[in-house]
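1. need the 3D shape of this:
(2 chains)
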Amino acid sequence: MTDTKIKIENLSFFYGKKQAINDFSLDIPKNRIMSVFGPAKSGITTLLRSLNRLYELIPDTRAEGRILIDNEDIHAPSVSLTQLRRRVGMVFDVPTPLPMSIFDNMAYGPRLSGIKRRSELEGIVEQSLKMAALWEDVCDRLDTPAASLSGGQQQRLCMARVLALKPEVILLDRPCSGLDPISTAKIEESLQELKKQFTIVIAPHNIQQGGRISDRAVFMLSGNLIEEGTAEEIFANPTDKRTADYITGRFG
Amino acid sequence: MKLSAKSSEKIAKSIIWAAAMLVVAVLAAIVIYILAKGLPTLSWSFLTEIPEGGGAAGGIASPIVGTVLVTAVAVLIATPLGVGTAVYLAEYTKGGAITKIIRFSAESLAGIPSIVYGLFGFIFFVMYLGLGWSILSGGLTLAIMILPTIIRTSEEAIRGVPGSYRETSFSLGATKWQTIYKVVFPAAIQGITNGIILSVGRSVAETAALVLTAGSSLRMPTSLFAPTRTMAVHFYTLAMEDISPANAFGTAALLIILIFIINVGANILLNRFISNKGKKKEAKGGKRN
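-> Next comes the predicted model:
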């Protein structure tokens, strides 16, 4: 096993009085793909959003416990929220192109971090689009609106946009849920490339996808961690009955 | 006798259609009547000459200039205040007591008759602040009057921006203010501009409030502290005092044409602005694979 990138210690999460995650602890290894899966309302989205503190947009939410990235507590007062979100990029379940051109979408993050030189931005945009396997599709129309792309292209744009932040961790919350199999395959393929440089935490949109792409996996149910292990262990040979029942389709 | 579903459908449809047609007919009748009466008066000299004999002769150059200046003052003051308030209401408050007070105040402002604004403007700007009957007094009074429109339309436009835009922007490391001015504002600009155009129309057409605050001078204004008579006030005076029905209709025709031009022109400008920024297609939403 490689180094631990993210260490979650006794995380509990609350929306008002309602608890969404219960005393959750997990080590997420560096340069691997970690799948977090389970039925709806299991706290998976909440877990992903607690890793970049995006839940803080919702009023009356509270996290207890510690989350360490490279041994640094992300809730420490010294941590800059904008810095954290650049280190921990996120791709959502539906493509979320901003209402601007492809180029401006790509340059959004880099510009926020103070990069102004056009040539430098162009370099980052090209490199990131290539990493997300979208460069060929869009290189001659970077000035067209991002919303004119197809759904699959939009989602790869969202991945490329995260890569342009030069993050360390990439969170993907069911990134293929609205996509066709070809687009899905393209995204899965690029994830295998990307894990060489990044730590990836993904909520797969089904068990099959989890099995195809992950190195490790964790099964969640009602905000609890049920079982964690290598992808083979979890998807082919789960020890917990609830994991087995879910994987074989007995519930969920 | 009970009507069959089919015939009641037919009857309902014709009544609704008649209502819609009646509205169009009323509008058309007013516009055609005024244009028919007023257009013969409109000429280059009518537009460029200063009124003489209290408006019985000459043109309406000074009321035109007065109208433009009063409206400009009103819009330039009300827009930043109104949009700022809207941003505060839409983005920074969570529905507490302060929000309620602000929104209640804005809505109350919208319900006050314009003559009351005029009285307030007269007492506060004209007398108390000593601005006298002037373009500034009139513009400030109008600014308060159009504030609710600008606040409401801007707030609606800002609230109409999908939450996913904000979430995405934050997830890419933007602060709240960066999110507002880089994403929310551009996405809401069309709605905000519509509110401003509505307000311009209202300012150009306002009469009662301006009689009391901008005065009724027919001289060409030389500064913002000079009194003026806007076109609507001029029209009212000409018609009420029976000075010159022909010139009154000429002024009214120009008012209608002006408001038409403002609406159409603003729309064209806006569309050009939007397509330049490459956003036109996005308004229709992206394709899905």
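2. element containing the closest residue to B:Tyr88 other than its chain neighbours, please.
-> Closest residue to B:Tyr88 apart from its sequence neighbours, by Cβ to Cβ, 6 or more residues apart in numbering or on different chains: B:Ile102 at 7.5 Å. Glycine gets a C-beta too; all of them are placed from N, C-alpha and C. Using DSSP states H and E, B:Ile102 sits in helix B:97-111.
3. now do the buried residues in that helix.
-> B:103, B:106, B:109 (16 or more other Cβ atoms under 10 Å in any protein chain shown).
4. give me the residues contacting that helix.
-> Here helix B:97-111 makes contact (Cβ atoms under 8 Å, 6 or more residues apart in numbering or on different chains) with B:85, B:88-89, B:93, B:144-145, B:147-149, B:151-152.
5. ok, now which ones touch A:Ser183?
-> Contacts of A:Ser183 (Cβ under 8 Å, 6+ apart): A:150-153, A:155-156, A:176, B:289.
6. can you say which of these are buried?
-> The neighbour count (16+ other Cβ under 10 Å) marks A:150-153, A:155-156, A:176, B:289 as buried among the contacts of A:Ser183.
7. filter those residues down to the ones in strands?
-> Residues of those located in strands (DSSP state E): none.
8. include distance to B:Leu47 and pLDDT when you put those residues into a markdown table, please.
-> Listed next are the buried ones among the contacts of A:Ser183 as a markdown table, based on distance: Cβ to Cβ, whole Å; pLDDT from 0 to 100:
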| residue | distance to B:Leu47 | pLDDT |
| --- | --- | --- |
| A:Ser150 | 54 | 90 |
| A:Gly151 | 55 | 89 |
| A:Gly152 | 58 | 88 |
| A:Gln153 | 54 | 92 |
| A:Gln155 | 58 | 92 |
| A:Arg156 | 58 | 91 |
| A:Cys176 | 64 | 88 |
| B:Asn289 | 57 | 35 |
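9. got these as a markdown table, with distance to B:Phe235 columns?
-> A markdown table is the format used below for the buried ones among the contacts of A:Ser183 (distance: Cβ to Cβ, whole Å):
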| residue | distance to B:Phe235 |
| --- | --- |
| A:Ser150 | 56 |
| A:Gly151 | 56 |
| A:Gly152 | 60 |
| A:Gln153 | 57 |
| A:Gln155 | 59 |
| A:Arg156 | 61 |
| A:Cys176 | 64 |
| B:Asn289 | 59 |
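10. A:Leu194: which of those residues is nearest?
-> A:Arg156 (11.6 Å; Cβ to Cβ).
11. returning to that earlier point: what's the ChimeraX line that selects buried ones from the contacts of helix B:97-111?
-> In ChimeraX syntax, the buried subset of the contacts of helix B:97-111 is picked out as below (16+ other Cβ under 10 Å):
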select /B:85,89,144,145,147,148,149,151,152
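12. can you pull the contacts of the nearest residue to A:Asn224 once chain neighbours are set aside?
-> With Cβ to Cβ, 6+ apart as the criterion, A:Asn224 has its nearest non-adjacent residue at 5.2 Å, and that residue is A:Asn22. Going by Cβ under 8 Å, 6+ apart, A:Asn22 touches A:12, A:222-224.
13. redo that, cut-off 6 Å
-> Going by Cβ atoms under 6 Å, 6 or more residues apart in numbering or on different chains, A:Asn22 touches A:12, A:223-224.
14. ok, back up a step: now the helix holding B:Ile102: average pLDDT?
-> For helix B:97-111, mean pLDDT rounds to 86.
15. cool, stretch A:232-252 as well?
-> Averaging pLDDT along stretch A:232-252 gives 88.
16. next, the buried residues of it.
-> Of the residues in stretch A:232-252, those buried under the neighbour-count criterion (16+ other Cβ under 10 Å) are A:234-235, A:238, A:242-243, A:246-247.
17. and the contacts of it?
-> For stretch A:232-252, contacts defined as Cβ under 6 Å, 6+ apart pick out A:39, A:207, A:211, A:217, A:219, A:226-227.
18. and those, which are buried?
-> Judged by 16+ other Cβ under 10 Å, buried ones among the contacts of stretch A:232-252: A:207, A:211, A:217, A:219, A:226-227.
19. near chain B, from those residues?
-> Among the buried ones among the contacts of stretch A:232-252, no residue is within reach of chain B (Cβ under 6 Å from any Cβ of the partner chain).
20. need the max-distance pair from those.
-> The widest separation within those, taken as Cβ to Cβ, falls between A:Gly211 and A:Ile226 and amounts to 16.7 Å.
21. quick one, longest helix in chain B?
-> In chain B, assigned by DSSP state H, the helix with the most residues is helix B:5-38.
22. check contacts around the residue found closest to B:Arg159 once you drop the neighbours it is linked to in the chain.
-> In space, and not counting its chain neighbours, B:Arg159 is closest to B:Ala90: 5.1 Å by Cβ to Cβ, 6+ apart. With contact set as Cβ under 6 Å, 6+ apart, B:Ala90 has these partners: B:155, B:158-159.
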